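>>> Pasting a predicted model and its sequence here:
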Amino acid sequence: MSAEVRLRKMRSEDVAAVHALELAIFPTPWSLNSYEFEVSENQASEPWVAEVRREDGEAVIAGYVVPWLLLDEVHIANIAVAPLFRRKGLARRMLQHVLDRAAEKGAQRASLEVRAGNAAAQALYASFGFEEVGRRKRYYHDNGEDALLLELDPLPESEVMVKPQ
């Protein structure tokens with residue numbers, strides 16, 4: 001990606017922009033209140049945004065990830081990249097960052113759910129070594145699609161690709 005990208009912790013002032021992206025990307029979006037909870041109240045959550053500086057100098061949120069550190073596991077609760085910034089390695093950078101941070105904090109494994117029909121996301125997760133360990137039938141309310149349960153066990157050693165700022 002040629003544009004300058006910075007990963008940083010999500011802040012309360014980011015919630016409206018993150019939620020706007022969420023509404024544009026997902027057929028069953030999280031609520032605004034959910035993101036406010038993740039940023040200010042959920043002790044297990046460490047949400048991040050990927051900020052891209054445009055040519056005009058303005059910084060825009062191009063993606064976000066919400067991981068939960070639960071004992072020795074990191075659960076990727078949500079990850080998304082704005083359509084304009086897809087296929088540029090941004091999701092890979094965010095996921096690597098979250099896995100590295102989780103390993104530093106003692107996590108041994110990672111888990112997530114992905115739509116059975118989302119081949120692009122499944123390919124990304126497979127490239128990290130995630131494997132299917134189960135299926136939640138009719139998990140997604142908008143169309144009854146199944147969710148695949150994926151797990152990465154054990155977490156690989158940190159590759160530290162991205163430094164937070």
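Arrived safely, thanks for sending.
>>> where along the chain do the strands fall?
Secondary structure of the chain, counting by DSSP state E: strands at 4-9, 48-53, 59-70, 73-81, 109-115, 131-136, 147-152.
>>> other SSEs contacting the longest one?
Right, the one you point to is strand 59-70. helix 15-25, strand 48-53, strand 73-81, helix 90-104 (3 or more Cβ pairs under 8 Å, 6 or more residues apart in numbering; DSSP states H and E). For glycine as for every other residue, the C-beta is placed from the backbone atoms N, C-alpha and C.
>>> If we ignore the residues flanking it in sequence, what's nearest residue 75?
Closest residue in space to residue 75, ignoring its immediate chain neighbours: residue 68 at 4.6 Å, by Cβ to Cβ, 6 or more residues apart in numbering.
>>> what's around that neighbour, how many residues?
Counted with other Cβ atoms under 10 Å, the neighbours of residue 68 add up to 19.
>>> Relative to residue 45, how far out is it?
5 Å (Cβ to Cβ, to the nearest Å).
>>> shared neighbours, those two?
Taking Cβ atoms under 8 Å, 6 or more residues apart in numbering as the criterion, residue 68 and residue 45 both touch residue 77.
>>> Contact partners for the residue nearest to residue 75?
42, 44, 45, 74, 75, 77.
>>> The third one touches residue 34, doesn't it?
No. With contacts counted by Cβ atoms under 8 Å, residue 45 stays clear of residue 34, the gap being 10.3 Å.
>>> Quick check: which ranges of this structure have low pLDDT?
Residue ranges of the chain with pLDDT under 70: 1-3, 158-165.
>>> run the last query once more with 50
Scanning the chain for pLDDT under 50 picks out the ranges 1, 160-165.
>>> can you name the farthest residue from the center of this structure?
Distance to the chain centre peaks in the chain at residue 56, reaching 26.8 Å (criterion: Cα atoms, centre = their mean).
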